[in-house]
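*Asks:* predicted model follows, preceded by the sequence.
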Amino acid sequence: VSMKEKIIVIVGPTAVGKTALSLALAKKYKGEIINGDAVQVFRGLDIGSAKVAPEEQAGISHHLIDVLNPGESYNVYSFKQEVDHLIKEIRARGNCPIIVGGTGLYIQSVLYDYAFPETTGDSALREKLSEQAPEQLHRQLALLDAVSAEKIHPNNVKRVIRALEICLSTGGKFSEQTSATEHIAKYDAKVIGLSMNREQLYERINLRVHQMMAQGLVAEVYQLYQAGYGQAQSMQAIGYKELIPTFEGECSLETAVERIQQHTRRFAKRQLTWFQNKMAVDWYDIDPANPTLRFDVIADSVQLFLGKAQ
């Protein structure tokens, strides 16, 4: 019997129906929901991130929603620490932690005991490194950490610099720090993946973007833009960055909407690929005509998983 804490995780592409399932399971199994979406942590980014509105939360505790101002930055390290802490608290209350979201790297960092290098980053060193040519950086990495150099493409400059930064500032190797504990499961997790026929998913995405526009997405983004957040990390999210050029007279609203739809479809495709390749997921195909059809099947499998531990 595993002594690890049991958690439920719901993943899948955007617009597939993760929120509805999370609410249904939380009601049934005394769950508390932890947001696993990198955009929903920001206040004011509501419509474009499809944030669950307070009135939709059905009295269920939601965590890591609206915890930062739009101008603040957030990363996977902060997420992992906060979620580990939340899981302990929720379990102590006798409830079941349910992580829901589509940000693959965030969720992966919680499920597997990633060793995050202690260094938070040396900006001066990073700046110095970023002045060098990609080939030069990659050659330097090959000398210091051949394993990482083999894994990281020379064009992935950001990652090459990160690896060099670790090597130079800790004297250790980037490859050793991440891979040693990368695949040790930290929790006893049931990972539920929702998928859908691609054409139907894309239709849902296109429709959802129109719904967001009807709900006032333009006004939401304009307000953030006016408040000076145009260049913030949060505003690089899909649904936000595409609208900024319309305020600057660089493209029409129609073009911006098409871009949001296109970028969201591509993102959904990337999400599916990520979840299929990076973690062990129990997949359930959702029928768009009757999305709740599979909920009973999923609920039964969750019941089996939780067993007498609840």
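*Replies:* Sure, I can see it.

*Asks:* neighbours of Arg270, how many?
*Replies:* Arg270 sits with 13 neighbouring residues when counted by other C-beta atoms under 10 Å. For every residue, glycine as well, the C-beta is placed using N, CA and C.

*Asks:* relative to Lys80, how far out is it?
*Replies:* Counting by C-beta to C-beta, to the nearest Å, the separation of Arg270 from Lys80 is 21 Å.

*Asks:* swap in Met196?
*Replies:* Remark: distance between Met196 and Lys80 (C-beta to C-beta) = 29 Å.

*Asks:* could you say what helices and strands the helix or strand encompassing Pro97 packs with?
*Replies:* Element membership for Pro97 (DSSP states H and E) is strand 96-100. Secondary-structure packing of strand 96-100 (3 or more C-beta pairs under 8 Å, 6 or more residues apart in numbering; DSSP states H and E): strand 6-11, helix 18-28, strand 31-35, helix 76-92.

*Asks:* tell me how many other residues crowd Tyr74.
*Replies:* Tyr74: 18 surrounding residues under other C-beta under 10 Å.

*Asks:* where exactly do the helices run in the stretch 51-200 of the chain?
*Replies:* Counting by DSSP state H, counting those that start in this stretch, one finds helices in the stretch 51-200 of the chain at the ranges 76-92, 104-111, 123-130, 134-144, 146-151, 157-170, 174-179, 198-215.

*Asks:* out of the ones you listed, nearest to Val302?
*Replies:* Among the helices of the stretch 51-200 of the chain, helix 76-92 comes nearest to Val302, with 15.7 Å by C-beta to C-beta.

*Asks:* and for the closest one, what's in contact with it?
*Replies:* Under the criterion C-beta atoms under 8 Å, 6 or more residues apart in numbering, residues 5, 7, 32, 34, 36, 38, 41, 61, 63-64, 96-97, 99, 105-106, 109-110, 114, 116, 120, 186-187 lie in contact with helix 76-92.

*Asks:* try 10 Å this time
*Replies:* 5-7, 30-36, 38, 41, 61, 63-64, 67-68, 74, 95-99, 101, 103, 105-111, 113-114, 116-117, 120-121, 186-187 (C-beta atoms under 10 Å, 6 or more residues apart in numbering).

*Asks:* in ChimeraX, how would I select the buried members of the residues you listed?
*Replies:* This is how ChimeraX selects the buried members of the contacts of helix 76-92, with burial counted by 16 or more other C-beta atoms under 10 Å:
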select :5,6,7,31,32,33,34,35,36,38,41,63,64,68,74,95,96,97,98,99,101,103,106,107,108,109,110,111,113,114,117,186,187
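
*Asks:* what's the neighbour count on the residue lying closest to Leu243 once chain neighbours are set aside?
*Replies:* With C-beta to C-beta, 6 or more residues apart in numbering as the criterion, Leu243 has its nearest non-adjacent residue at 4.4 Å, and that residue is Val221. Neighbours of Val221 under the rule other C-beta under 10 Å: 27.

*Asks:* before we move on, what about Leu25?
*Replies:* Leu25 has 22 neighbouring residues, counting by other C-beta under 10 Å.

*Asks:* run the chain-centre distance for the strand holding Pro97.
*Replies:* Remark: strand 96-100 is offset 14 Å from the chain centroid, using C-alpha atoms, centre = their mean, to the nearest Å.

*Asks:* quick one: low-confidence parts of the stretch 51-200 of the chain?
*Replies:* For the stretch 51-200 of the chain, the stretches with pLDDT under 70 are 114-121, 177-183.

*Asks:* per-residue confidence for Pro13?
*Replies:* On pLDDT, Pro13 comes in at 94.

*Asks:* separation between it and Gln200?
*Replies:* 12 Å.

*Asks:* so which of those two has more stuff around it?
*Replies:* Using other C-beta under 10 Å as the criterion, Pro13 and Gln200 rank with Pro13 on top: 27 against 14.

*Asks:* A strand includes that one, no?
*Replies:* No: looking at Pro13 with DSSP: H, G, I helix; E, B strand; the rest coil, it is coil, so not inside a strand.

*Asks:* contacts only, for it.
*Replies:* The contact partners of Pro13, by C-beta under 10 Å, 6+ apart, come to 102, 193-196, 198, 201-202, 204-205, 264-265, 267-275.

*Asks:* try it again at 6 Å.
*Replies:* Contacts here follow C-beta atoms under 6 Å, 6 or more residues apart in numbering; on that basis Pro13 touches Ala268, Gln271, Leu272.
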